[in-house]
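Colleague: Quick one, structure for this:
(chains A and B)
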Amino acid sequence: MNFLKRTIPLIIAFVMGVLMAMQYYVPHKLSQDLLEVVSKWDRIIAGFAVFIGAYSLLHLHWTRIKRKVEGWGYSVFVYFGAIITLLFGFLNGGKFFWNDKQDGTMFDWLYYYVQVPAGATIFSILAFFIASAAYRTFRARTNESTVLLLAAIVVMLGRVPIGNYISPYVPAIADWIMAVPNLAAKRGILLGVSLGAIATSLKIIFGIERSYLGGGD
Amino acid sequence: MSSNRTFPVSFFTVKTFVVRKYFFVAAIILLSPCLLNTGIFAQLPSFLIPPTEFKAFDTPNDAGETISLTWSISPSDAPDVFYVVYIDKDKNGDFEKEAIRIKSNASYRTAAPEIYGHKKSNGNYHYVQIFPKKVFNGETIDKKRVYYFKLAMVAGSNKIVLDTIASARVHGNWLHLKKVNNFLIMITLSAIILYFIVHARQNPNMFLRKISGLDAVDEALGRATEMGKPVLFVHGLTGMGSISTIAATNILGRIARKIADYDANLKVVNNDPIVMSVSQEVVKESYLEAGRPDAYSPDNVFLVASEQFPYVAAVGGIMTRERPAANFFVGYFYAEALILAETGASTGAIQIAGTDAYTQLPFFITTCDYTLIGEELYAASAYLSREPMLMGTLRAQDVGKGILIVILILGTILASFGLTFITRLFEAF
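Modeller: Down below sits the predicted model:
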């Protein structure tokens, strides 16, 4: 059992890890074909995984309804939404699901007039959260936060027309902040991230890090 | 002389003729720029000077699907002059199939630094790539097949065809020579990491710099246990193919183990079914390791939504209804980062975030109590487990950073003196 649960996955991780790392340096058609095959496998596995995800979601909300936990009414809406969407998806504008997807059906209507506006509504909340987060951050209680506050004011003014009216130097300073200190910090983070990614990949390829398999040994 | 000549026309007619003539000349002068611009009277070269050095060769560092063609620029190059490349499988063929047609003032070697580097003379040569398979409508390419090319220069009805016939055959390459620098860097960094992993076995008491975000994990879990409220672990939006998600599941395993020890309640929300399946296994094994398999419930590791903003809405709802005592945001996040973290902050939970998404880092730093910045996300698993071999990678990361900093300083100094070869050494293709 340990062989099936541990050894085989570790061998697969090692072989595929080395193979795909080398694939990046080999431009030959065989190498490209290998990448394509692996990508197809990935898509097929992801396709099957959707069923697991759907089961998890529906099971979770069914349990909530059954136990009448706090907010169980929202779970009814999950079922309602899922059934309606599935129904119109299968109907496919009267052509049924075994034909190509039709345009302008109720399924599209649900997407464009329910899901997209609902998503946009959530996204728009971000503006208010940015304001509240900015208020907390920009309270100049320490030297660092004072520097942050000043930099933020200059960058914000430099990005709007009034900044240029105040002084043509404001947009220039804003550009400098973004192109020099900001970019330097960003690249510093990216270098660290890249090294971390290489280290993590090696740990997985050589079986040193196994917690993704479940457990630490 | 003319003064003695008589005109059979009246004075009025002569005047009208003169006015008309000047009006016509003035109109031509005024309208000529417009007419030239519209191309009605655009001047085409009366004769074309053909280019020289027409060559064909297999494109280096490719899968074996293209042939590269290059030729020198011509004094006749102009926006209205075109180059047409004809292809044939037979050297004595008709060369009727057009492989490509380009404007004569476009497509230079400068667009192919991976082949010609950054020489100044690159602007004196045209360069194109031909896909024989596409030209011959998907016909399978025979590796032994030689393709022949002829170059023509076309300007309106003028056309000259070069006598030179260039030929090449395609073949795939087994090593991308321009990526050798990348390969060597990867090998060097990997060797450093493996050295420190082996070294860490012999010297397990390695010094590690303090990461306050990870030291606070115990505090957050202790608080959740005391309050009897759940701990919420929020995955980022990327799938299992992303290294940050793999790092996140590693951290999840360590946290789940501690939670099982503390007998607290862990909830893991996912937006990807594969990540969910992996997370379920990771949490289950952690509970098994802690000797508390009975405390594990698969219902606590669940999928809430696969789309970005429905995911935000669902997780935000869980935060406000169940009011977890501690929130962990680990993985790669996009615009949802601030919405999730602000919602969590409003519930009064201890929040620890870890991400390598540098665009979202400011939001997490602003809103969370502790933030793992960039590489700390990858260091977290080793830091929490304290396993010597894993900790070796942390030392290796620091050494790798040191080397990169030295190279950066050296490169900056050399570039300041006009020596850019070090930049070319690290060029990516």
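
Colleague: Only C-alpha atoms from now on, for both contacts and neighbour counts.
Modeller: OK.

Colleague: And the lowest-mean-pLDDT helix or strand in chain A, how far out from the chain middle?
Modeller: Between all helices and strands in chain A, the lowest mean by mean pLDDT, DSSP states H and E belongs to helix A:2, at a mean of 76. The chain centre lies 33 Å from the centre of helix A:2; the measure is CA atoms, centre = their mean, to the nearest Å.

Colleague: for stretch B:146-156, same thing?
Modeller: Averaged C-alpha coordinates place stretch B:146-156 at 35 Å from its chain's average position (CA atoms, centre = their mean).

Colleague: got the domain boundaries for chain A?
Modeller: Residue ranges for each domain of chain A read A:7-53, A:70-137, A:139-194, as given by automatic domain parsing.

Colleague: is it possible to export these to CSV including mean neighbour count and distance to chain B?
Modeller: Below are the domains of chain A laid out as CSV (neighbours: other CA atoms under 10 Å in any protein chain shown; distance: least, CA to the nearest CA, whole Å):
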stretch, mean neighbour count, distance to chain B
domain A:7-53, 15, 4
domain A:70-137, 14, 5
domain A:139-194, 15, 5
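
Colleague: Dump the ones you listed to TSV, plus distance to B:Met186 and mean pLDDT.
Modeller: Shown next, in TSV, are these (distance: least, CA to CA, whole Å; pLDDT from 0 to 100):
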stretch	distance to B:Met186	mean pLDDT
domain A:7-53	10	93
domain A:70-137	39	91
domain A:139-194	11	91
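
Colleague: looking at these, which is closest to B:Leu208?
Modeller: domain A:139-194 (16.0 Å; CA to CA).

Colleague: Distance to A:Ile204 for the domains of chain A - can I get that in CSV?
Modeller: Below are those laid out as CSV (distance: least, CA to CA, whole Å):
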stretch, distance to A:Ile204
domain A:7-53, 7
domain A:70-137, 36
domain A:139-194, 15
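
Colleague: burial count for B:Thr238?
Modeller: 18 (other CA atoms under 10 Å in any protein chain shown).

Colleague: Looks like B:Gly354 contacts B:Gly331 (just checking).
Modeller: Yes: assessed by CA atoms under 8 Å, B:Gly354 is found in contact with B:Gly331 at 6.4 Å.

Colleague: Those two: who's more crowded?
Modeller: Higher neighbour count among B:Gly354 and B:Gly331: B:Gly354, with 32 against 26, using other CA under 10 Å.

Colleague: which residues does the more buried one contact?
Modeller: B:Gly354 makes contacts with B:Phe328, B:Phe329, B:Val330, B:Gly331, B:Thr371, B:Leu372, B:Ile373, B:Gly374, B:Glu376, B:Leu377, as judged by CA atoms under 8 Å, 6 or more residues apart in numbering or on different chains.

Colleague: what's the pLDDT at the last one?
Modeller: The reference is to B:Leu377. Note for B:Leu377: predicted pLDDT of 92.

Colleague: wait, doesn't A:Ile198 sit right on B:Ser190?
Modeller: Yes: checked against CA under 8 Å, the pair A:Ile198 and B:Ser190 is within contact range at 7.4 Å.

Colleague: quick one: which of the contacts of B:Gly354 is nearest chain A?
Modeller: When the contacts of B:Gly354 are compared for distance to chain A (CA to the nearest CA), B:Gly374 comes out closest, at 5.2 Å.

Colleague: Could you find the closest non-adjacent residue to the closest one?
Modeller: B:Asp356 (4.1 Å; CA to CA, 6 or more residues apart in numbering or on different chains).

Colleague: I'd like the distance between that neighbour and B:Ala313.
Modeller: Distance from B:Asp356 to B:Ala313, counting by CA to CA, to the nearest Å: 23 Å.

Colleague: Please apply the same query to A:Ala82.
Modeller: 16 Å.

Colleague: swap in B:Gln360?
Modeller: As judged by CA to CA, B:Gln360 and B:Ala313 stand 18 Å apart.

Colleague: now do A:Phe128
Modeller: 15 Å.
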